[in-house]
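[1] the sequence and its predicted three-dimensional model are supplied below.
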Amino acid sequence: MHVKPLLLFSRGDDDADFLYACHFPVEQALYVRFEEGDDLLVLPGMEVGRAQRQARAARIVDRVELGWRDDPDLPGQWLELAGRVLAERAVRAVRVSPRLPALLYEGLRQLGLEVEIDRDLFVRERRRKSAEEVDAIRAAQQAAEAACCEVIALLAAARPRSDGWLWLEDSPLTSERLMARAQATLSEIGYVAQEMIVAGAPDCALPHLRGSGPIRADAPVVIDIFPRGSTSRYHGDLTRTVVVGRIPDEIRRMHEACVAAMDEAISRLTDGVDGREVHRAVCRTLVEHGYGTSTPGFEGRAEGPIMNHSTGHGVGLEVHEPPTLGRVDCPLRAGDVVTVEPGLYLSGLGGVRVEDTGLITRKGFQDFTTLPRSLDPADYL
């Protein structure tokens with residue numbers, strides 16, 4: 001069966017489809033794969049030298065050589081250039097990414113092209129991580145661990161005041177200060193994390209709240225760091241929860257339940273297992289420990305702490321990508337890199353979450369994460 005040529009416009013230097021196609025992060029560019037081994041990368045002149053060193057494409061061309069004219073209408077110029085490139089090869093039909101902006105999609109159709117949206121573009125390929133990709137993700141996970149330990153070290157050095165807030169030196173210890181330290185640590189070793197979570201109680205009852213303001217003693221702090229390699233562009237993903245001071249009994253029990261659920265999930269992760277069944281096993285474990293979930297059939301004790309999210313997700317060029325460990329059927333395959341992140345949350349009290357990232361193999365789960373899962377900051381130092 002004839003496969004239509006693939007046409008991609010870069011949507012920015014974090015465009016995962018474009019990165020996977022030609023291994024080159026760039027703000028503006030055009031990529032056309034006519035067939036395997038016959039592909040073209042068209043760039044602004046200032047990017048050509050870098051592309052010749054880094055990109056993987058049979059031909060790398062300055063857009064000026066193909067008739068580019070500077071014009072305020074950048075999308076229009078890229079469309080015109082794409083039409084010219086395709087016309088030279090008498091191409092009348094192309095495949096595009098499902099993330100192609102509507103303006104460019106309509107523009108291609110106005111050029112008289114038949115445009116097929118490839119809904120499964122690179123999904124299978126990106127799930128099956130190569131040895132090089134595995135190494136990149138493992139390194140990103142190590143970077144996340146380094147940043148997490150820096151955050152925990154600051155927390156361990158802090159002291160509670162009589163009002164219950166943690167102070168470090170002569171100022172309150174805040175989420176912002178902790179995130180800044182994590183970002184600095186990552187930057188020094190070649191990673192970036194424009195967003196992360198360092199959320200104290202009670203705000204950490206909201207799983208994706210980034211965190212802000214001062215940190216309380218004797219209460220959980222959720223630290224979720226998902227850095228991207230500045231060179232590799234691959235992510236890691238790590239979460240730990242710690243308490244500075246006295247650990248409340250309820251938080252300790254929640255944490256024990258989450259760790260037990262994580263162990264249960266990891267014991268099941270292998271080639272061919274359904275991610276839905278792994279998620280159900282996690283929910284079952286949490287219910288057996290006296291808690292609830294939002295997954296039908298595993299509601300448990302709804303009035304207490306519950307898990308209201310999936311068990312995990314794929315990690316790679318994006319921090320959230322297929323496969324999923326959640327409510328829908330999703331067979332896992334050797335080569336998938338996934339997270340396992342059970343959590344429990346209660347409004348007014350806070351939340352607890354632990355998360356590891358690793359590789360699905362035919363023999364089980366290869367965990368990239370080496371940090372302890374303790375609530376005690378001293379155990380990380």
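    Looks like it arrived, so ask away.

[2] ranges for the strands of the stretch 151-300 of the chain?
    159-160, 166-168, 171-172, 191-192, 197-200, 220-225, 228-229, 238-243, 292-293 (DSSP state E, counting those that start in this stretch).

[3] among those strands, which is nearest residue 99?
    Between residue 99 and these, the shortest separation by C-beta to C-beta is 18.0 Å, and it involves strand 228-229. Using the backbone N, CA and C atoms, a C-beta is placed for each residue, glycine as well.

[4] what is the neighbour count of residue 61?
    16 (other C-beta atoms under 10 Å).

[5] deepest-packed of the strands of the stretch 151-300 of the chain, please.
    strand 220-225 (a mean of 28; mean count of other C-beta atoms under 10 Å).

[6] packing partners of that strand?
    The contact analysis (3 or more C-beta pairs under 8 Å, 6 or more residues apart in numbering; DSSP states H and E) places strand 220-225 against helix 131-157, helix 175-188, strand 197-200, strand 238-243, strand 350-353.

[7] would you mind listing the buried residues in the longest one?
    Along helix 131-157, these residues count as buried under the neighbour rule (16 or more other C-beta atoms under 10 Å): 133-134, 136-152, 154-156.

[8] for the residue most central in space within the chain, helix, strand, or coil?
    The chain has residue 319 as the residue nearest its centroid, 0.9 Å off, counting by C-alpha atoms, centre = their mean. Taken by DSSP: H, G, I helix; E, B strand; the rest coil, the conformation at residue 319 corresponds to coil.

[9] quick one: it and residue 237 touch, right?
    Yes. Between residue 319 and residue 237 there is a contact at 5.8 Å, judged by C-beta atoms under 8 Å.

[10] quickly list what's touching both of these two.
    Residues touching both residue 319 and residue 237 (C-beta atoms under 8 Å, 6 or more residues apart in numbering) are residue 226.

[11] how far does stretch 241-255 sit from its chain's centre?
    Relative to its chain's centre, stretch 241-255 lies at 27 Å (C-alpha atoms, centre = their mean, to the nearest Å).

[12] now do stretch 200-211
    Counting by C-alpha atoms, centre = their mean, stretch 200-211 comes out at 19 Å from the chain centroid.

[13] what's the answer for stretch 267-285, then?
    With C-alpha atoms, centre = their mean, you get 20 Å for stretch 267-285.

[14] give me the mean pLDDT for that stretch.
    Mean pLDDT, computed over stretch 267-285, is 98.
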